[in-house]
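[1] Provide a 3D model corresponding to the input given below.
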Amino acid sequence: MKKSVILAGVISLSLMASTAFAAPGNQGKNEATIKVEAEGTTVSGSVYDDGKNDGSKGLQNAYENVKDKPAGVRIAELLKTKYNIDVNADTSLATLVTTLEKDGELKAAAEVQAEVVSQDPANIEEYKKLSKIKVKLGDKKVKVYVNGKTLGTEVSPVVESGRTLVPFRAISESLNAVVTYDNVSKTVTVTRDGVVVKLTLGSKIAKINGKTVTLDVAGKVKSNRILVPLRFLSEALNTNVTWDTETSSAIIIDKNTEA
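    Here you go, the predicted structure:
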């Protein structure tokens, strides 16, 4: 197996131990199959990527084995275990990502860059760097990030009339919203922090706290999963959405995170 040795330890690694990796309760889970269900059904479960496609969460999936060690040591040991890559524990993450890319270790680079994103969730440029690595790995699909994490879904987002539609459960629950679906009226209801959003499949009319708004694109069903306009839902739930055309990436950040 190829083995890379990275000793560029000029820049010290400075990460808070308490935030170096996502909470263990979110690890190793992917979005469960979502059927169009009866009225009042509340959907729950994790929606984050399990790293099967681009490896961007593999480091975090090993959290329990290394969580009590310093950040640099954790990353060094995880890269050694998963890729047989030796790195200097004092190397900065940015330097490490650059070196891994140069060495052709793109999956490892994606994992470390995902950690960079998680440490600085308001930095749009870091998301773009991660997406560029994913594109190099052959990932041409729409990529969605929410507050520093990669959003994983069983049905890929689609782009229609210049608008991105995403599985409603994935985007809503990643923002800690409560989601219900009325199978009779075909209405999706999303509630978060006192805001109630209602969308009816096939209709461009939606409501936010009872106020009627018009969508550019109507919600739809794909492979028994409900897709809704990303920007409308995200902005209705008090987040900012950035679309990166170059890498087909939607970046969603809570407004209070950016502050």
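
[2] contacts, neighbours, all on C-alpha from now
    Fine.

[3] Any stretches of the stretch 1-150 of the chain with poor pLDDT?
    Scanning the stretch 1-150 of the chain for pLDDT under 70 picks out 1-71.

[4] Number of residues surrounding the nearest residue to Trp243 once chain neighbours are set aside?
    In this structure, Trp243 finds its nearest non-sequential neighbour in Ala250, 4.7 Å apart by C-alpha to C-alpha, 6 or more residues apart in numbering. Other residues near Ala250 come to 23 when the count uses other C-alpha atoms under 10 Å.

[5] Tell me which residues are up against the helix or strand containing Ala250.
    Using DSSP states H and E, Ala250 maps to strand 249-254. Contacts with strand 249-254, where a contact means C-alpha atoms under 8 Å, 6 or more residues apart in numbering, come from 121-122, 124, 127-128, 131, 142-148, 234, 238-244.

[6] now do 10 Å
    121-124, 127-128, 130-132, 140-151, 157, 164, 171, 175, 230-231, 234-235, 237-244 (C-alpha atoms under 10 Å, 6 or more residues apart in numbering).

[7] Only the buried subset of these, as a ChimeraX command please.
    In ChimeraX syntax, the buried subset of the contacts of strand 249-254 is picked out as below (16 or more other C-alpha atoms under 10 Å):
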select :121,122,123,124,127,128,130,131,132,142,143,144,145,146,147,148,149,150,151,157,164,171,175,230,231,234,237,238,239,240,241,243,244
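
[8] Just the ones in helices from the contacts of strand 249-254, please.
    Ile124, Tyr127, Lys128, Leu130, Ser131, Lys132, Ile171, Leu230, Arg231, Ser234, Glu235 (DSSP state H).

[9] Surely the third one and Glu246 touch.
    Yes - at 8.7 Å, Lys128 and Glu246 qualify as touching, with contact defined as C-alpha atoms under 10 Å.

[10] the strands in the stretch 151-259 of the chain, which residues?
    158-160, 163-167, 178-182, 187-192, 195-200, 205-208, 211-214, 220-222, 225-229, 239-244, 249-254 (DSSP state E, counting those that start in this stretch).

[11] Tell me which of these sits nearest to Asp86.
    Closest to Asp86 of the strands of the stretch 151-259 of the chain is strand 249-254 (C-alpha to C-alpha; 31.1 Å).

[12] okay, that closest one in PDB with CA atoms only?
    Taking C-alpha atoms only, strand 249-254 is exported to PDB below (Å, rounded to 0.1, in the frame of the first residue of the first chain):
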ATOM      1  CA  SER A 249     -22.600  23.100  -4.200                       C
ATOM      2  CA  ALA A 250     -25.200  24.600  -1.900                       C
ATOM      3  CA  ILE A 251     -23.900  25.900   1.400                       C
ATOM      4  CA  ILE A 252     -26.400  26.600   4.200                       C
ATOM      5  CA  ILE A 253     -25.400  28.400   7.300                       C
ATOM      6  CA  ASP A 254     -27.500  29.500  10.200                       C
END
